[in-house]
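K.L.:
Here is my input; please provide its structure:
(chains A and B)
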Amino acid sequence: MDCPSVLYIDLHLVHEVTSPQAFQGLREKGLIVRQVGRTVATADHSVPTTDRSLPITDSMAANQLRQLEINCREFGIPHFGIGNPHQGIVHVIGPELGLTQPGMTIVCGDSHTATHGALGALAFGIGTTEVEHVLATQCLLQRKSKTFEVRVDGQLRSGVTSKDIILALIAKIGVGGGVGSIFEFTGSAIRALSMEARMTICNMSIEGGARAGLIAPDEITFEYLHGRPFVPKNAAWDESVKLWRQLPGDVGATYDTQVILDANKLEPMITYGTNPGMGIPITGSIPTLESLEDDSSRRALARALEYMNLSPGKRLLGHPVDVVFIGSCTNSRISDLRAAAGILKGRKVNPKVRVMVVPGSEQVKRQAKQEGLPELFRAAGCEWREPGCSMCIAMNGDELRPGQYCVSTSNRNFEGRQGIGGRTFLASPLTAAATAIEGCISDVRTLL
Amino acid sequence: MEPVNSFTSRVVPLPNENIDTDIIIPARFLKITDKANMEQYCFHDWRFDSAGKPRLDFILNQTRAKGAKILLVGKNFGTGSSREHAPWTLMAFGFRAIISLSFADIFRSNALKNGLLPVELPASTCSELFELAEKNPAMELTVDLASQSVKLPNGRSVEFPIDNFSKKCLLEGVDQLGYILKQEKHIQAFEQAHPVTVPTSQLQ
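P.N.:
A predicted model of the protein is given here:
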């Protein structure tokens, strides 16, 4: 029989939402966590991003967070709960602590685990049954995926970011384009990106249907990791770098599928519909029904535009918004906050817009404080909040009201994702900041 | 897990493509810490209006959905998050098989671990089934795992792919964890050769 391979997992990241039933499974079977030293838990999805000294008003969220704490204590897993200096979004803390390293296998009960692939790790999301498998055995049954090269050559123009690269890719191949595959992002435009910009790209691999996305490690990767708490030190560091240098694929390696994007031609991107593949350049127009090839796509577009209350063929520039959300595992790192701050500095947000800035972790928050970013954001009229997933998934009370429009730096624009009846436009932190100032969807290049 | 074998049931057609996990179960319901009473969450925001009243024009609220074990959907079903709550709630509603042209990777993997069959059929068969289900709401299909086939009302059988390992686990109703636990010798050998360099407990 064609049995799947048994894949050993180097790092297992755990959060409150997808783990409780897995721990319960261990209890029922009388199993323990096999490798607590390869496991770490953080609270992110359900945590309030308001004053942490106050009790949590949502009793279900409070219970879920308490359950994670109890499970971690019982099974001996390190846990970064509210108040812990390392708490943050699971895909922000992995790289920033140096837990994520090139060549590792990394899993988490979370589809955005692909983020860690930016450092040359094989990282992907799993369900709760598999969380239990990894807790109990540190292993997972897996089959090899197909390979999919996303080659991005050229140079990004001013105002265009890595978020725009990934949104352009998904607009091109669709949300099912990468199903069954793992992306490898290659090309001169990818090589030129900072480590955090690379994380934004790999983060949204799943929105293109691929379970994982990788970037070969290079000097930028090693420089980013050097000195972080969990990476090897001294001679062991040199030894690790030597091994990591052997990880990239051969020149001329072939892939099952290949897509090429020209960075020179990319514009800031924005989505208009209810899946991340429904994206256009910011100066573009929403597709017309006639421009689509089949009935099924036409029905999908019609349904999406009805939900969004938008018309086919119209431009999005100038469309009013109610909320701007800057945060999430896609765009809540210090470089994302710096980018938004660079636009907001010395300017005011439109008084009709609520602007939420949510750092990805306690460490990002500390760094931002050192740089005076909270004051800058507040002076511009933004809310500066505590770290967590917040309005990306709207589980913690941070949510849109029905009918509200939001430009969001997160990863999903599904119906109801940011609150029942809420309408999401996905974009980069630069586009989000420009929109906050103008009060309507704006092209950041007019403010540069 | 209950063994999966052969069953015959009416079909609920829902032709939307890219039905995402947030439609199958909105994220605000993920604050549960067990798997109890999950029927209510299934397609919640399509089934109920903001006042909690059932939307009668939605097919899951219609009599044909009662007791139906087969959901027929557009391509790339289950796109989005890794939440296993999606197959849990679909099964709590009563579904045992989802028929589609294609499935999102993580959804497929989660479904297989819970005894929910992701039945991938060619585009022409999917279109034919949508037409048949529209014409005759009482139409029944037989899904048979052992022969990996769906039997149409006209007696024709169409095969669907499934890997032999998952198939065996489903037919026998066994959790894949048992198989991994049996690899103990190999896992131990691997761990001895690859010790943890810096354990995560370092920052506690």
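K.L.:
ranges for the strands of chain B?
P.N.:
All strands of chain B, identified by DSSP state E, fall at B:6-14, B:70-73, B:97-100, B:117-120, B:140-144, B:149-151, B:157-159.
K.L.:
I'd like to know which of those strands lies nearest to B:Ile106.
P.N.:
strand B:117-120 (11.5 Å; CB to CB). Bear in mind the C-beta positions are built from the backbone N, C-alpha and C, glycine included.
K.L.:
now the closest residue to chain B within the stretch 1-150 of chain A, what's its secondary structure?
P.N.:
Residue of the stretch 1-150 of chain A nearest chain B, by CB to the nearest CB: A:Gly37 (3.1 Å). State at A:Gly37, reduced to three classes by DSSP: H, G, I helix; E, B strand; the rest coil: helix.
K.L.:
okay, now the residue nearest to it when sequence neighbours are not counted: neighbour count?
P.N.:
Nearest-residue entry for A:Gly37: B:Pro199, 3.1 Å, with adjacent residues in sequence omitted and distances by CB to CB, 6 or more residues apart in numbering or on different chains. A count of nearby residues for B:Pro199, using other CB atoms under 10 Å in any protein chain shown, gives 17.
K.L.:
mind checking pLDDT for B:Pro199?
P.N.:
B:Pro199 carries a pLDDT score of 92 in this model.
K.L.:
can you give me the end-to-end distance of stretch B:131-146?
P.N.:
27 Å (CA to CA, to the nearest Å).
K.L.:
Just the residues contacting that stretch, thanks.
P.N.:
B:4-13, B:64, B:70, B:72, B:96-97, B:99, B:117, B:119, B:129, B:149-153, B:162, B:167, B:170-171 (CB atoms under 8 Å, 6 or more residues apart in numbering or on different chains).
K.L.:
again, but for stretch A:49-62
P.N.:
The contact list for stretch A:49-62 (CB under 8 Å, 6+ apart) reads A:46-48, A:65, A:82-83, A:356, A:358, A:385-388, A:390, A:395-398, B:31-32.
K.L.:
Show the backbone phi and psi for the residue of chain B found nearest chain A.
P.N.:
When scored by CB to the nearest CB, chain B has B:Pro199 as its residue closest to chain A, at 3.1 Å. Main-chain dihedrals, B:Pro199, degrees, to the nearest 10: phi -70, psi 150.
K.L.:
Could I have the buried ones of the contacts of stretch A:49-62 as PyMOL selection syntax?
P.N.:
To isolate the buried members of the contacts of stretch A:49-62 in PyMOL, using 16 or more other CB atoms under 10 Å in any protein chain shown:
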select buried, (chain A and resi 46+47+48+65+82+356+358+385+386+387+388+390+395+396+397+398) or (chain B and resi 31+32)
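K.L.:
related to what we said a few turns ago, hang on, isn't the residue of chain B closest to chain A packed against A:Val40?
P.N.:
No: if you go by CB atoms under 8 Å, B:Pro199 and A:Val40 don't touch, sitting 9.7 Å apart.
K.L.:
all helices for chain A, in order.
P.N.:
A:20-29, A:59-75, A:90-96, A:128-137, A:162-173, A:188-191, A:195-203, A:219-225, A:234-244, A:295-308, A:334-344, A:362-370, A:373-380, A:429-438 (DSSP state H).
K.L.:
Turn these into TSV, columns for mean pLDDT.
P.N.:
Output for the helices of chain A, formatted as TSV (pLDDT from 0 to 100):
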stretch	mean pLDDT
helix A:20-29	98
helix A:59-75	98
helix A:90-96	98
helix A:128-137	98
helix A:162-173	98
helix A:188-191	98
helix A:195-203	98
helix A:219-225	98
helix A:234-244	97
helix A:295-308	96
helix A:334-344	98
helix A:362-370	98
helix A:373-380	98
helix A:429-438	98
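K.L.:
Let's have these in JSON lines, adding distance to A:Gly109.
P.N.:
Below are these laid out as JSON lines (distance: least, CB to CB, whole Å):
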{"stretch": "helix A:20-29", "distance to A:Gly109": "7"}
{"stretch": "helix A:59-75", "distance to A:Gly109": "12"}
{"stretch": "helix A:90-96", "distance to A:Gly109": "9"}
{"stretch": "helix A:128-137", "distance to A:Gly109": "4"}
{"stretch": "helix A:162-173", "distance to A:Gly109": "22"}
{"stretch": "helix A:188-191", "distance to A:Gly109": "28"}
{"stretch": "helix A:195-203", "distance to A:Gly109": "16"}
{"stretch": "helix A:219-225", "distance to A:Gly109": "25"}
{"stretch": "helix A:234-244", "distance to A:Gly109": "27"}
{"stretch": "helix A:295-308", "distance to A:Gly109": "28"}
{"stretch": "helix A:334-344", "distance to A:Gly109": "24"}
{"stretch": "helix A:362-370", "distance to A:Gly109": "22"}
{"stretch": "helix A:373-380", "distance to A:Gly109": "31"}
{"stretch": "helix A:429-438", "distance to A:Gly109": "27"}
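K.L.:
Spit out the contact partners of the residue nearest the centre of chain A.
P.N.:
The C-alpha lying nearest the average C-alpha coordinate of chain A belongs to A:Thr330 (CA atoms, centre = their mean; 2.8 Å). Going by CB under 8 Å, 6+ apart, A:Thr330 touches A:His112, A:Lys163, A:Thr200, A:Asn203, A:Met204, A:Cys392, A:Thr409, A:Ser410, A:Asn411.
K.L.:
Repeat that for A:Arg412.
P.N.:
A:Glu207, A:Pro276, A:Cys392, A:Thr424, A:Leu426, B:Asp20, B:Asp22, B:Gly80.
K.L.:
how about a cut-off of 10 Å?
P.N.:
Contact partners of A:Arg412, counting by CB atoms under 10 Å, 6 or more residues apart in numbering or on different chains, are A:111-112, A:175, A:204, A:206-207, A:271, A:274-276, A:328, A:330, A:392-393, A:418, A:424, A:426, B:20-22, B:27, B:79-81.
K.L.:
Filter the residues you listed down to the buried ones, PyMOL style.
P.N.:
Restricted to buried positions by 16+ other CB under 10 Å, the PyMOL selection for the contacts of A:Arg412 reads:
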select buried, (chain A and resi 111+112+175+204+206+207+271+274+275+276+328+330+392+393+418+424+426) or (chain B and resi 20+21+22+27+79+80+81)
